[in-house]
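Q: mind folding the following:
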Amino acid sequence: MKNTSKIEQKDWSEFKGRTGKDSVFSNKKEKNILDCIEIICKEQKIEMPEIIFEPVDNGGVKITHILHYVYSVHLDLNKVGDLTTAVLQSLAHVILIRKFKDAGNGARFSKLWNKLSDEYMYSDIDRKLNGYGTK
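A: Down below sits the predicted model:
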């Protein structure tokens, strides 16, 4: 067991459960991420999952779900390399979990991932997520 008493840990509790536009964030990046996820969810006709900004053990994104019910998507902004890829992949998993109760990376995931990446990579949403501004 690791001794984490000397490691400074940021308190992320203020961000838990904050998914609406009316929420107050200390960082504009989280607001941009939620705005982009909301746009993608509306265009894909899915209900926006709860987004929680907190440290994640393995990788930068974690989805908590049971069968077809998605509880939340956890994002660790310190570990995610390309934010657009992380968001689109997690939303692809959310769609598959809700429609097919399938959280895997099989053929359905590949087809949906290709569709979402064709639509949103190198778009205004991509530029906003990665902090490049918009046209």
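Q: so where's this protein uncertain?
A: For the chain, the stretches with pLDDT under 70 are 1-26, 132-135.
Q: quick one: the strands in it?
A: According to DSSP state E, the chain carries its strands in the segments 50-53, 61-66, 69-75.
Q: same list (the ones you listed) but as a markdown table, adding distance to Leu129 and mean neighbour count.
A: Any C-beta I mention is one placed from the backbone N, CA and C, and that applies to glycine too. Below are the strands of the chain laid out as a markdown table (distance: least, CB to CB, whole Å; neighbours: other CB atoms under 10 Å):
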| stretch | distance to Leu129 | mean neighbour count |
| --- | --- | --- |
| strand 50-53 | 13 | 19 |
| strand 61-66 | 13 | 15 |
| strand 69-75 | 11 | 18 |
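Q: okay if I get those strands as JSON lines plus distance to Cys41?
A: Rendered in JSON lines, the data for those read as follows (distance: least, CB to CB, whole Å):
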{"stretch": "strand 50-53", "distance to Cys41": "10"}
{"stretch": "strand 61-66", "distance to Cys41": "14"}
{"stretch": "strand 69-75", "distance to Cys41": "11"}
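Q: so which of the ones you listed is nearest Asp35?
A: strand 50-53 (11.0 Å; CB to CB).
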